[in-house]
Structure formats: C-alpha cells, structure tokens
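Trainee: return a 3D structure for these sequence lines:
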Amino acid sequence: MSRNTILGGPSNSTEKTTEPGRAIDEVTERAIEAGDTETAIHRATVYGLLAVGFERPGEDFEAALAEGAFSDALVESALALDPAVAERAEAVGEYLADRETLHKQWASLFGVEEGITVSPYELTYLPGPLMTNVRKLADIGGFYEAFGLSISSGKNDRKDHLCLLLEFLSILCEREAALREAGDDRGVAVVVGAQRTFVEDHIGRWYWRFTGEVSAHDDGFYAALTDLLAATVERDVETLDLEPNWVPDHPEVTEWNEDVFGDYGRDCGGCGVGGGFDQEAEMDLPYAPEDGPPSQPTRD
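Mentor: Next comes the predicted model:
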C-alpha cells in the first residue's frame, strides 16, 4: 500500500519539532484549541485517500478498494468531520467502478495518452509572470524539505502536482495527531501553523478552479471526487480561519519555458505520483508566517 493511503493510526514522528520560545499567533492558537487527535486522524485519512483517488489507478488504488477504504474508511472519516464532507464522500462511493473502467476515465481527464484535458498542477492556475510562479514552486518544495520529505525516486512528477499536495497535507495531519497524543503542544503549533499556511497559500487558492474544470468534462467518479476535495478544503478554510487569495477565472501565465522545469514542464500531466514522498528526517520547522493572510476576492 502506498505511503499516501492513511488507514491506521498516526505517525510517531514527534521529536525535534519546535524552536523554544517561538511565539504562536492568536489565529493558530484558536485552530489548535479547536482540533483534537481524532479529528487530525480523520483529516489525514480523507486527504490521503483523495491523493490515492486522483493518481493514475494502479496497485495503490486496487489495494484501497480491497481494504474498503473508498466505501467504509472514507465515509467514516468524512462523517466524523462534517455532514457536507460526508455527503460528498458517500457520492464518491456511488460512482466507484473497477480499476480498468476508472483508468479510462482518468486517462481522458489527466493522462498524456489522449492529451491532458484538466491539469492537476497548481502552477497552471496561477496568474502572473513565469518567475513569480517559479517562486511558488520553490515555496512548495521548501515545505516538503522542512518536514523531512522528498519525492520518492522514480516518481515522475513536479512538486505542485495535486496528489503531492494532498499527500503532504495528509502527512501533516498524521503528525499533528501523533504530537497531540504525545502532549507536545509546541509541536502541534508548528504542524497546525504549517497546515494553515500551506492551505491558504497553495491548494486553497485554486481547488475551486480545478473542481470546475473536472466537472465540465466528467459527471462520474472524478467529478464526485473533486466535490469531496472542495468540501474538505472548504471545511479547513473555515475551521482554520483562512482567507485564501483565490486565483482568477482565467489566469494568464506568461513566458512559460519548459527548460525551467526540465522534463517536468507544464504539460507533464498524467504521470501519477503513487506514494510520492520518502521521509528523510524528523521535522524541525518553527512556524513563522512571513505575511498576514491575503484578502479574499469575490468569486464571479
């Protein structure tokens, strides 16, 4: 089973977590007080299964089906989080099919075989010049490295792939649960702070564009899965008290150059991550957001 399918208890990665004396901002403090170990485990489950669901259907997906993850574990965790999330999770189960059938649907949406219909990459949805978005890619990589994570060898995808973002959030939630269980309040502050920043600055900005693109081309499993993604992120936006600066409807990314990303350019879709991270070290990241939360524009 892939590392990004969370079916058991939390990780025991609880050491070397904080920097003594680091102040915790009030919003993060409220988010910490509103959470608990059980909720963190359920969030880890949902994010982990979303990651498995959006990658190319393969052995990880088959194993998740065999273990009941997409019929039992997903709905159970969603029910523990929020009725709206649970409703979307139940709908995902209604559209489940065998691996071969879903692979054809996946390939028509995300695969290079038929030409990428919907991009699973964050940078596709961000407006502005190339170098601005290159910095966003570096920021994502910095999150992974700060928590001792690296993309597994042989996994052919860029750092801003949706599956990697979802798996990273699953790992953060798993670590949060372990730190809460260990009574490490400072560690919890670091991990919850990182979740807030990552959702607000990254997936929270463009998930709705991705959801709309998928729904425009699919009315089955993947449309249901994006609805679950939206409900999950929107729950986090509310409970973590976030204000993502939503991307515009039609971003204009300029001066795109494949050489910047080597073999993993903007059109490298459909590779699938399949358990994208190797954990190389314990986390050692003080939470220190550089800026306040951006203002949230009205969605037209």
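Trainee: quick one: buried residues of stretch 202-221?
Mentor: 202-211, 213-215, 218, 221 (16 or more other Cβ atoms under 10 Å). From N, CA and C alone the C-beta is placed, and that goes for glycine too.
Trainee: same check, this time on stretch 81-101
Mentor: Those would be 81, 82, 84, 85, 86, 88, 89, 90, 91, 92, 95, for stretch 81-101 by 16+ other Cβ under 10 Å.
Trainee: stretch 148-156 too?
Mentor: 148, 149, 151, 155.
Trainee: quick one on the thing from earlier: which of the buried residues of stretch 81-101 lies closest to residue 70?
Mentor: Nearest to residue 70 among these, counting by Cβ to Cβ, is residue 92 at 6.6 Å.
Trainee: do I have it right that residue 54 meets residue 118?
Mentor: No - applying Cβ atoms under 8 Å, one finds residue 54 not in contact with residue 118, separated by 10.4 Å.
Trainee: mind listing the shared neighbours of the two?
Mentor: Jointly contacting residue 54 and residue 118 under the rule Cβ atoms under 8 Å, 6 or more residues apart in numbering are residue 110.
Trainee: and those two? Which one has more around it.
Mentor: residue 54 (26 against 22; other Cβ atoms under 10 Å).
Trainee: for the more buried one, give me its contacts.
Mentor: 110, 120, 162, 163, 166, 222, 225, 229.
Trainee: how near is it to residue 212?
Mentor: 15 Å (Cβ to Cβ, to the nearest Å).
Trainee: swap in residue 55?
Mentor: 21 Å.
Trainee: do the same with residue 101
Mentor: Taking Cβ to Cβ, one finds residue 101 at 24 Å from residue 212.
Trainee: check residue 202 too.
Mentor: Where residue 212 is concerned, residue 202 sits at a distance of 18 Å (Cβ to Cβ).
Trainee: how about residue 89?
Mentor: When residue 89 is compared with residue 212 (using Cβ to Cβ), they lie 20 Å apart.
Trainee: what do you get for residue 58?
Mentor: 27 Å.
Trainee: then residue 78?
Mentor: Between residue 78 and residue 212 the computed distance is 22 Å (Cβ to Cβ).
Trainee: likewise residue 51?
Mentor: 20 Å.
Trainee: can you check residue 203 too?
Mentor: In terms of Cβ to Cβ, residue 203 sits 15 Å off from residue 212.
Trainee: equivalent analysis for residue 181, please.
Mentor: If you go by Cβ to Cβ, the gap between residue 181 and residue 212 works out to 38 Å.
Trainee: which residues touch residue 78?
Mentor: Residue 78 neighbours (Cβ under 8 Å, 6+ apart): 42, 46, 85, 86, 88, 89, 90, 228.
Trainee: and which of the residues you listed is nearest residue 127?
Mentor: residue 228 (26.5 Å).
Trainee: pretty sure the closest one is touching residue 87, no?
Mentor: No - assessed by Cβ under 8 Å, residue 228 is found out of contact with residue 87, at 9.1 Å.
Trainee: can you pull out the strands in the chain?
Mentor: Taking DSSP state E, the strands of the chain run over residues 128-129, 149-151, 253-254, 277-279.
Trainee: residues near the residue lying closest to residue 96 once chain neighbours are set aside, how many?
Mentor: Distances taken as Cβ to Cβ, 6 or more residues apart in numbering put residue 70 closest to residue 96, at 5.8 Å, once the chain neighbours are dropped. When neighbours are defined as other Cβ under 10 Å, residue 70 has 21 of them.
Trainee: mind pulling up the pLDDT for residue 70?
Mentor: Looking at residue 70, its pLDDT reads 79.
Trainee: residue contacts, it?
Mentor: Contacts of residue 70 by Cβ under 8 Å, 6+ apart are 49, 53, 64, 92, 93, 96.
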